[in-house]
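> Take a look and give me a structure for this.
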Amino acid sequence: MKKILSLVVFFALLVWTWNVIHTSPAIGFETHSAIQDKIVDLLTSTLQAKRPQAQNIEVIRLWTENLDENKIRAVFAYKFQDKIAASDSPEQSSTQSATQDNTQSTDQTIEGEAILQRQSSDDPSLDNWKLLEVKTTGDTVIFREGSTITPDESSQ
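Numbers count the residues shown, from 1 in each chain. Alright, predicted model coming up:
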């Protein structure tokens, strides 16, 4: 009896693994790849529009994952170099920590995530996705040249 039961369990597991391997996912690899390409384009174009002085824009991490058959979550991180206006303190003018045009160079890294939802389309071969939400989860600013900060005694 044990042999027959073992044989039935073996065949049930064999059929189950065959179905798991040969079932296509609800959202294919090509869709994930295309969404990642579009997100890179969206991040760089938005950053260039909002901060035209940004340079060396680089996406350092990007992946997508299924939330369900009609939603995808994209997690990203990108970095860039930016110039910010330096303060006009007397210490900076004497130490020349600001560059000639009174700006400081910074390296910024921004992390975030986006949620996309599949939209219905008249053409079944066309896969439309709507960007529902984009939020940043982390922001790091590294100053290439340090700034001197002194407490203002008159504000006490």
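> Quick check: next helix or strand after the lowest-mean-pLDDT helix or strand in the chain?
Ranking every helix and strand in the chain by mean pLDDT, DSSP states H and E puts helix 90-95 at the bottom, with a mean of 44. Where DSSP states H and E defines the elements, the next helix or strand beyond helix 90-95 is strand 103-119.
> mind listing what that following strand pairs with, with the direction of each?
Strand 103-119 has the following sheet partners, assigned by DSSP bridges: strand 71-85 (antiparallel), strand 128-143 (antiparallel).
> quick one: low-confidence parts of this structure?
For the chain, the stretches flagged by pLDDT under 70 are 86-101, 153-156.
> What residues are bridge-paired with the residue positioned nearest the centre of it?
Nearest to the mean C-alpha position of the chain, counting by Cα atoms, centre = their mean, stands Phe76 at 1.5 Å. Beta-bridge partners recorded for Phe76 (DSSP bridges): Leu62, Gly112.
> Check the gap between it and Gln53 for me.
Here the distance between Phe76 and Gln53 works out to 22 Å (Cβ to Cβ, to the nearest Å). Every residue, glycine included, has its C-beta placed from N, CA and C.
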